[in-house]
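In: sequence and predicted structure are below.
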Amino acid sequence: MSKIFNIFGTNAHEMTKKLLEASEAFKLVTPGKNVALKPNLVVAGTPENGATTHAGVLSGCIEYFFEHNIKDISIIEGSWVGDDTIRAMRKAGYDKVCEKYNVPFYDLKKDKIKSVDTPIGQIDICERALNAGLLVNLPVLKGHCQTVMTCALKNLKGCLPDREKRRFHSLGLTKPIAALGAVLKSGLIIVDSICGDLNFEEGGNPVQTNRMYLGTDPLTIDTFGCKLMGLDLDDVKYIKLAEKFGAGSSVLNESDLINLNEPENAGEYPRPSGTVAGLIKNVHENSACSACYASLVRALYVNSKGRREDIYIGQGWKNSKIPDGALGIGNCCKNASRNVKGCPPSAKDIEEKF
């Protein structure tokens with residue numbers, strides 16, 4: 001299944017179930033095998049801050065698999081070296097999910113380790129991740145201070161013991177992340193892009209996208225993430241290297257993208273704050289949906305130097321005159337003399353018009 005299923009909205013639980021239903025994900029589970037859900041729980045913080053996977057993604061997965069008589073499900077994760085995993089899971093509300101569905105949570109910092117041969121030598125990996133019948137990778141699409149972006153491939157780093165995480169940093173992250181993706185296979189990936197941080201893996205400058213997407217190839221998933229964030233593949237160097245190592249394919253065709261609903265389902269973008277507010281000082285917004293506005297914000301962040309022209313965005317401009325020379329974002333502003341087509345356009349599409 002090389003397709004990417006894409007959905008807009010604000011209810012993580014319902015969006016997750018719809019993605020799983022559309023893709024018939026239950027067919028990926030071999031009878032008698034277990035399912036391990038691996039979220040992004042890097043720090044003890046709330047998902048609204050842009051760093052961690054929403055609890056609704058987990059509950060949506062659990063309900064879906066339960067409904068298909070797949071009962072052997074667990075949640076596995078190890079937060080970053082400087083934080084406590086159990087404290088982080090409680091802060092994110094995962095404890096309530098585990099209690100409601102009677103699903104165990106395993107702190108991978110306490111797990112047994114197996115040394116695995118990879119294209120760059122041996123890497124120590126937690127056994128619960130390696131032994132999963134179906135490893136379901138549940139990353140957050142967000143910026144990263146060292147690797148520029150973090151999504152499917154980078155999220156697997158949580159399946160390592162702390163000493164190996166430290167070693168990854170000493171090796172520069174790019175090569176070990178690519179090598180890890182070649183030997184630790186995610187059978188299913190559901191990306192929580194409801195709210196991801198602009199440029200930092202620990203959150204603090206959230207960008208409300210109100211989007212989620214599902215696929216089975218981590219490289220295709222990460223390639224799509226680059227497009228949404230206005231990045232070139234060369235900006236996220238581990239993707240092409242992982243492809244050389246046999247982790248998957250970075251080829252992304254528009255025909256492979258299946259939209260389950262329309263961007264209008266994403267709702268309007270909330271009032272910007274912090275760094276995001278500074279990026280949009282020349283933006284004239286009128287009833288813009290979150291998906292379109294988030295693309296603009298990310299494009300402005302990637303290519304913000306010297307951006308002084310007026311930019312118009314939102315459904316409210318459909319029947320209004322947009323001044324000559326201004327840039328209109330999306331199909332709602334197609335009456336602008338300069339326009340970025342799309343509903344929504346990606347950050348990369350917008351950036352190329354600057």
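Out: Nice, I can see it.

In: below-threshold pLDDT in this structure: ranges please.
Out: Applying pLDDT under 70 to the chain flags the ranges 1, 200, 202, 304-307.

In: how about the residue positioned nearest the centre of it, what does it touch?
Out: In the chain, the residue lying closest to the centroid (C-alpha atoms, centre = their mean) is Leu141, at 2.6 Å. Residues counted as contacts of Leu141 (C-beta atoms under 8 Å, 6 or more residues apart in numbering) are Met149, Thr150, Cys151, Val191, Asp192, Ser193, Gly196, Thr209, Gly225, Leu228, Met229. C-beta here means a position set from N, CA and C on the backbone, and glycine is covered the same way.

In: again, but for Ala326
Out: His284, Glu309, Asp310, Ile311, Tyr312, Ala336, Ser337, Arg338.

In: from the contacts of Leu141, which single one is nearest Leu41?
Out: Nearest to Leu41 out of the contacts of Leu141 is Asp192 (C-beta to C-beta; 11.4 Å).

In: in a strand, the closest one, correct?
Out: Yes. Counting by DSSP: H, G, I helix; E, B strand; the rest coil, Asp192 falls inside a strand.

In: from what I see, it and Pro139 are in contact.
Out: Yes. Using C-beta atoms under 8 Å, Asp192 is in contact with Pro139, at 7.0 Å.

In: please enumerate the helices of the stretch 101-250 of the chain.
Out: Counting by DSSP state H, counting those that start in this stretch, the stretch 101-250 of the chain has helices at residues 127-130, 152-155, 162-170, 174-183, 218-229, 238-244.

In: just name the most buried of those helices.
Out: Each of those was assessed for mean neighbour count using mean count of other C-beta atoms under 10 Å. The highest is helix 152-155, with a mean of 28.

In: domains of the protein?
Out: Split into domains by automatic domain parsing, the chain comes to 4-261, 265-351.

In: return the distance of the last one from the chain's centre.
Out: For domain 265-351, the gap between its own C-alpha mean and the chain's C-alpha mean amounts to 22 Å (C-alpha atoms, centre = their mean, to the nearest Å).

In: ok, Pro119 to Ala242 distance?
Out: 9 Å (C-beta to C-beta, to the nearest Å).

In: returning to that earlier point: shared neighbours of Asp192 and Pro139, anything?
Out: By C-beta under 8 Å, 6+ apart, the residues touching both Asp192 and Pro139 are Asn40, Thr53.

In: just checking, what packs against the helix or strand encompassing Asp349?
Out: According to DSSP states H and E, Asp349 maps onto helix 347-351. Under the contact criterion of 3 or more C-beta pairs under 8 Å, 6 or more residues apart in numbering; DSSP states H and E, helix 347-351 touches helix 218-229, helix 290-302.

In: Serialize those helices to TSV and add fields for distance to Gly45.
Out: Formatted as TSV, the helices and strands packed on helix 347-351 follow (distance: least, C-beta to C-beta, whole Å):
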stretch	distance to Gly45
helix 218-229	20
helix 290-302	20
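
In: of all the ones you listed, which lies closest to Pro104?
Out: Among these, helix 218-229 comes nearest to Pro104, with 25.1 Å by C-beta to C-beta.

In: let me know the angle separating the closest one from helix 174-183.
Out: Angle of helix 218-229 versus helix 174-183, following axes from the mean of the first three to the mean of the last three C-alpha atoms, to 10 degrees, is 130 degrees.

In: got the angle for helix 218-229 vs helix 290-302?
Out: Using the same axes, to 10 degrees: helix 218-229 against helix 290-302 is 80 degrees.

In: and helix 218-229, how far from the chain's centre?
Out: Computed by C-alpha atoms, centre = their mean, the chain-centroid distance of helix 218-229 equals 9 Å.

In: give me the contact list for it.
Out: By C-beta under 8 Å, 6+ apart, helix 218-229 touches 2, 4, 137, 141, 143, 149, 151-153, 181, 186, 189, 191, 193, 209, 211, 213, 215, 232-233, 235-236, 239, 242-243, 247-252, 256-257, 295, 298, 302, 346-348.

In: those, buried ones only, as a PyMOL selection?
Out: The PyMOL selection below is limited to those of those classed as buried (16 or more other C-beta atoms under 10 Å):
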select buried, resi 4+137+141+143+149+151+152+153+181+186+189+191+193+209+211+213+215+233+236+239+242+243+247+248+250+252+256+295+298+302+346+347+348
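
In: quick one, what contacts the nearest residue to Ala129 once chain neighbours are set aside?
Out: With sequence-adjacent residues excluded and distances taken as C-beta to C-beta, 6 or more residues apart in numbering, Ala129 is closest to Cys159, at 3.8 Å. Applying C-beta under 8 Å, 6+ apart to Cys159 gives the contacts Lys38, Ile76, Gly78, Leu108, Ile125, Cys126, Ala129, Leu180, Leu184.
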